[in-house]
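In: I'd like to go over a predicted model; first the sequence, then the structure.
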Amino acid sequence: MTTLAHSVSTKSLVKKAKEFHGHLGPFLTVGVRMGQIGLRELGLTKQPDSSRVLLKVLPSVPYSCVIDGLQISTKCTVGNQRLQLESAEKIEAKFKDLNNGRNVTVSLRSAILAMLKREIIGKNLSEKKLRKLAWVIASMPEKELCVVENK
């Protein structure tokens, strides 16, 4: 279960991501959560500027929405060249602390990706349903959402 402080932080980041991205959806929220997890695992929540991320994701909507969520939660962007993208069927972010070389990989669980595909792909969901699914992802226990590998 998430702590209240974590929930408030997640909620505010999701709102910022929505404002930046233009709408709220579950893949955007996946990016926010993965970014939070990666920075926390590296101990960089107060100094995200020393991180770099390689994000593996399909470069098509809705999967690519993860990119904007990750950019908002980590401040690693394509523009500042601390976010690199690689096309892949899975959704995985490899974080690196530039100060000490530590790495952590955060992967979206395949069962969650499959559920999102079932719920979204090929369906013309209303904004309301997409928002609801986004908040489900935002409040999901971390261990159900992602796999974390410290290296």
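Out: Done, it's in.
In: From here on, just use CA atoms for contacts and neighbour counts.
Out: Noted.
In: For the helix or strand K16 falls within, the averaged confidence score.
Out: Using DSSP states H and E, K16 sits within helix 4-21. The pLDDT scores in helix 4-21 average 81.
In: So which bits of the host helix or strand of K128 are buried?
Out: Taking DSSP H and E as the criterion, K128 maps to helix 127-139. Buried positions in helix 127-139, judged by neighbour count with 16 or more other CA atoms under 10 Å: L130, R131, L133, A134, W135, I137, A138, S139.
In: same question, stretch 67-86
Out: 67-77, 82-85.
In: Check the offset of that stretch from the chain's centre.
Out: 10 Å (CA atoms, centre = their mean, to the nearest Å).
In: Just the CA coordinates for it, please, in CSV.
Out: Extracted C-alpha coordinates of stretch 67-86, given in CSV (Å, rounded to 0.1, in the frame of the first residue of the first chain):
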residue,chain,number,x,y,z
ILE,A,67,7.2,8.9,-22.5
ASP,A,68,5.5,12.1,-21.3
GLY,A,69,4.7,10.7,-17.9
LEU,A,70,8.3,9.6,-17.4
GLN,A,71,9.6,13.0,-18.5
ILE,A,72,7.4,14.8,-16.0
SER,A,73,8.3,12.6,-13.1
THR,A,74,12.0,12.4,-13.7
LYS,A,75,12.9,15.6,-15.6
CYS,A,76,14.8,13.4,-18.0
THR,A,77,13.7,14.5,-21.4
VAL,A,78,14.6,13.9,-25.0
GLY,A,79,15.6,17.6,-25.3
ASN,A,80,18.1,17.5,-22.4
GLN,A,81,19.4,14.2,-23.7
ARG,A,82,18.9,12.4,-20.4
LEU,A,83,16.1,10.3,-21.9
GLN,A,84,16.8,7.9,-24.7
LEU,A,85,14.1,5.9,-26.4
GLU,A,86,14.3,2.4,-27.9
